[in-house]
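Chemist: Below is the structure, and that's it, no one-letter string:
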Ligand SMILES: Nc1ncnc2c1ncn2[C@@H]1O[C@H](COP(=O)(O)OP(=O)(O)OP(=O)(O)O)[C@@H](O)[C@H]1O
């Protein structure tokens with residue numbers, strides 16, 4: 001039987017027959033649904049939805065005062081993200097088509113059995129989650145304001161994809177399902193995980209652990225804990241982090257580094273919702289939400305013996321958040337610089353009232369492989385070295401010239417572009433220059449070079465092949481000189 005005890009979605013049944021409301025409530029309860037609301041007078045539905053952020057509606061068609069069709073039309077207008085499932089005794093196919101055209105998610109014929117009720121609800125939950133994910137990935141503004149802007153105040157951004165992620169977090173926070181946060185190192189994965197925890201307003205704490213350094217035994221011991229005497233050296237009882245995160249959130253960072261054996265342990269935990277502390281036969285219920293983070297695509301190595309398990313990936317990524325790297329949201333750099341200068345100056349008891357005009361263009365030209373963490377390091381270092389009220393660009397310049405990745409085009413270079421090329425370069429010359437520089441910096445690693453250039457590996461390889469061809473035809477031979 002399908003079980004919905006993991007979800008915090010509100011299921012609302014709208015029907016003018018009390019007996020139907022009772023029967024459906026009973027069905028939903030028996031499937032573990034925690035929040036069930038019944039509405040006998042369809043005119044009251046819109047008022048109820050104002051106070052609920054995460055809902056799915058089962059809607060009767062034939063009702064006095066306001067018909068199901070009228071309610072459906074209003075919902076499409078005011079709450080397009082809430083799935084509506086029509087429940088009716090009307091088997092007329094034209095009516096079904098009409099409702100689906102009006103935006104109904106599904107159409108169930110009464111009497112409704114538990115299986116079709118359960119599958120309709122499960123599909124609606126999946127569609128709702130996918131829709132939210134797509135909106136967040138595309139950075140589509142939903143036209144509405146964030147309900148809990150304060151919970152995102154630590155994340156400095158003006159980027160539309162990031163705003164989409166905030167909306168996505170608000171819509172999935174209550175589901176209690178696992179969340180996978182993907183993003184390069186330093187891009188803010190832990191901050192995002194904390195935001196999910198804060199918005200969900202669960203009573204328990206947020207507990208973070210980096211699993212990359214844990215071998216299989218240590219992973220089990222850290223998460224599940226152990227009883228006294230469970231193994232040699234286990235002198236006392238140790239409660240695991242799952243117990244500490246009870247009714248809260250456990251954040252497992254660097255999940256891509258988890259060994260195959262530990263992956264199986266985690267999969268079991270997700271499937272069964274229980275765990276056994278080492279040396280204990282009594283199962284413990286896991287009531288912590290599991291959020292994981294990875295800085296590489298887990299599904300790339302899926303299917304390989306040493307790679308990430310596909311079944312675990314799909315479990316962990318019920319909700320998936322991809323944070324764009326800082327170089328794809330350069331507008332954020334100026335906001336972050338202001339914020340970080342202020343934060344750093346405050347923490348060091350300094351007062352910075354002016355900033356060198358060279359600083360921002362310098363930073364905006366940098367690819368930031370270490371993302372916000374890298375930027376933070378430069379700013380804190382510069383503020384620490386600053387002895388006047390004006391922050392100069394010198395300290396940052398030094399750091400950038402030392403950094404392995406380096407800027408593709410630094411301020412000094414941009415000032416002397418003409419001398420570099422012997423003339424002021426054309427755009428295509430600059431592009432070729434950037435490609436060469438990226439390949440140099442990455443020791444001809446095309447994947448890394450493509451990332452630096454902000455293009456796909458395929459696009460880079462096409463460009464290089466084109467260049468080779470052009471080179472051959474100008475030389476008129478088949479020798480690979482280029
Ligand atoms: N948008 C942001 N606004 C303000 N600070 C940020 C932002 N993004 C990241 N930071 C800061 O950058 C640092 C790195 O962030 P965080 O630890 O969340 O990154 P991460 O992706 O989890 O890194 P890692 O992959 O190394 O674990 C932290 O100090 C965090 O506060």
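Modeler: Perfect, I can see it now. Since this is a predicted model, take the numbers as computed values, not measurements.
Chemist: Residues of the stretch 101-250 of the chain that sit close to the ligand?
Modeler: Residues of the stretch 101-250 of the chain found near the ligand (C-beta under 6 Å from any ligand atom) are 155, 156, 157, 183, 185, 186, 187, 188, 189, 190, 191. C-beta: built from backbone N, CA, C; applies to glycine.
Chemist: pretty sure the first one is touching residue 194, no?
Modeler: Translated: residue 155. No. Residue 155 is beyond contact range of residue 194, at 9.1 Å (criterion: C-beta atoms under 8 Å).
Chemist: related to what we said a few turns ago, for the residues of the stretch 101-250 of the chain next to the ligand, give me a markdown table that also has secondary structure.
Modeler: Formatted as a markdown table, those follow (DSSP: H, G, I helix; E, B strand; the rest coil):
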| residue | secondary structure |
| --- | --- |
| 155 | coil |
| 156 | coil |
| 157 | coil |
| 183 | coil |
| 185 | coil |
| 186 | coil |
| 187 | coil |
| 188 | coil |
| 189 | helix |
| 190 | helix |
| 191 | helix |
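Chemist: Count the residues that sit near residue 430.
Modeler: The number of residues packed around residue 430, counting by other C-beta atoms under 10 Å, is 15.
Chemist: which SSE is it in?
Modeler: Taking DSSP states H and E as the definition, residue 430 sits inside helix 427-441.
Chemist: Which other helices and strands does that helix contact?
Modeler: Here helix 427-441 touches helix 446-453, helix 457-475, going by 3 or more C-beta pairs under 8 Å, 6 or more residues apart in numbering; DSSP states H and E.
Chemist: how does it look with 10 Å?
Modeler: Helices and strands touching helix 427-441, by 3 or more C-beta pairs under 10 Å, 6 or more residues apart in numbering; DSSP states H and E, are helix 417-421, helix 446-453, helix 457-475.
Chemist: sorry, back to before: residue 155 and residue 194: which has the busier surroundings?
Modeler: residue 194 (20 against 17).
Chemist: so who does the residue nearest to residue 274 when sequence neighbours are not counted touch?
Modeler: The shortest distance from residue 274 to any non-neighbouring residue, by C-beta to C-beta, 6 or more residues apart in numbering, is to residue 283 (4.1 Å). Contacts for residue 283 (C-beta atoms under 10 Å, 6 or more residues apart in numbering) come out as 272, 273, 274, 275, 276, 277.
Chemist: Show me the strands in the stretch 51-200 of the chain, by range?
Modeler: Assigned by DSSP state E, counting those that start in this stretch, the strands in the stretch 51-200 of the chain fall at 55-60, 84-88, 106-109, 179-182.
Chemist: Also the stretch 201-350 of the chain?
Modeler: Under DSSP E, counting those that start in this stretch, the stretch 201-350 of the chain gives strands at 206-210, 225-226, 238-239, 249-253, 274-275, 284-285, 289-294, 319-322.
Chemist: Which secondary structure state does the residue in the stretch 351-482 of the chain that the ligand sits nearest to sit in?
Modeler: At 3.4 Å from the ligand, residue 372 is the closest residue in the stretch 351-482 of the chain, using C-beta to the nearest ligand atom. Using three-state DSSP, the structure places residue 372 in helix.
Chemist: give me the number of residues near the residue of the stretch 101-250 of the chain found nearest the ligand?
Modeler: Proximity of the stretch 101-250 of the chain to the ligand (C-beta to the nearest ligand atom) peaks at residue 188, 2.9 Å away. By the criterion of other C-beta under 10 Å, residue 188 has 24 neighbours.
Chemist: pLDDT score for residue 362?
Modeler: If you check residue 362, the pLDDT there is 86.
Chemist: Distance of it relative to residue 393?
Modeler: Between residue 362 and residue 393 the computed distance is 6 Å (C-beta to C-beta, to the nearest Å).
Chemist: Residue 158 now?
Modeler: 23 Å.
Chemist: what's the answer for residue 330, then?
Modeler: 17 Å.
Chemist: between those two, who's got more neighbours?
Modeler: Counting neighbours by other C-beta under 10 Å for residue 330 and for residue 393 shows that residue 393 has the greater number, 19 against 14.
Chemist: give me every residue that touches that one.
Modeler: 355, 356, 357, 358, 359, 360, 361, 362, 363, 382, 400, 411.
Chemist: and it, what are its phi and psi?
Modeler: phi -90, psi -10 (degrees, to the nearest 10).
Chemist: how close does it get to residue 399?
Modeler: 10 Å.
Chemist: Which residues are in contact with each of those two?
Modeler: Common neighbours of residue 393 and residue 399 are listed as residue 382 (criterion: C-beta under 10 Å, 6+ apart).
Chemist: still on that earlier bit, residues bridging contact with residue 155 and residue 194, i.e. touching both?
Modeler: residue 188.
Chemist: how far out from the middle of the chain is the lengthiest helix in the chain?
Modeler: Secondary structure of the chain read by DSSP state H shows that its longest helix is helix 114-138. Distance, stretch centre to chain centre, for helix 114-138: 17 Å (C-alpha atoms, centre = their mean, to the nearest Å).
Chemist: now do stretch 392-400
Modeler: Relative to its parent chain, stretch 392-400 has a centroid offset of 33 Å by C-alpha atoms, centre = their mean.
Chemist: Return the set of buried residues in it.
Modeler: Buried residues in stretch 392-400, counting neighbours by 16 or more other C-beta atoms under 10 Å, are found at 392, 393, 395, 396, 397, 399, 400.
Chemist: same check, this time on stretch 437-448
Modeler: Residues 437, 438, 439, 441, 442, 448 are the ones in stretch 437-448 that count as buried (16+ other C-beta under 10 Å).
Chemist: sorry, back to before: my guess is the residue of the stretch 101-250 of the chain closest to the ligand meets residue 370, correct?
Modeler: No. If you go by C-beta atoms under 10 Å, residue 188 and residue 370 don't touch, sitting 11.9 Å apart.
Chemist: any residues in contact with both of those two?
Modeler: With C-beta under 10 Å, 6+ apart, residue 188 and residue 370 have common neighbours residue 326.
Chemist: Any buried residues in stretch 381-395, and which?
Modeler: Neighbour count says stretch 381-395 has 382, 383, 386, 391, 392, 393, 395 buried, by 16+ other C-beta under 10 Å.
Chemist: re earlier: take the strands of the stretch 201-350 of the chain and write them to a markdown table, including distance to residue 72, mean pLDDT and mean neighbour count.
Modeler: A markdown table is the format used below for those (distance: least, C-beta to C-beta, whole Å; pLDDT from 0 to 100; neighbours: other C-beta atoms under 10 Å):
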| stretch | distance to residue 72 | mean pLDDT | mean neighbour count |
| --- | --- | --- | --- |
| strand 206-210 | 40 | 96 | 18 |
| strand 225-226 | 51 | 92 | 23 |
| strand 238-239 | 50 | 88 | 15 |
| strand 249-253 | 36 | 97 | 25 |
| strand 274-275 | 41 | 91 | 16 |
| strand 284-285 | 40 | 90 | 14 |
| strand 289-294 | 33 | 96 | 25 |
| strand 319-322 | 27 | 92 | 20 |
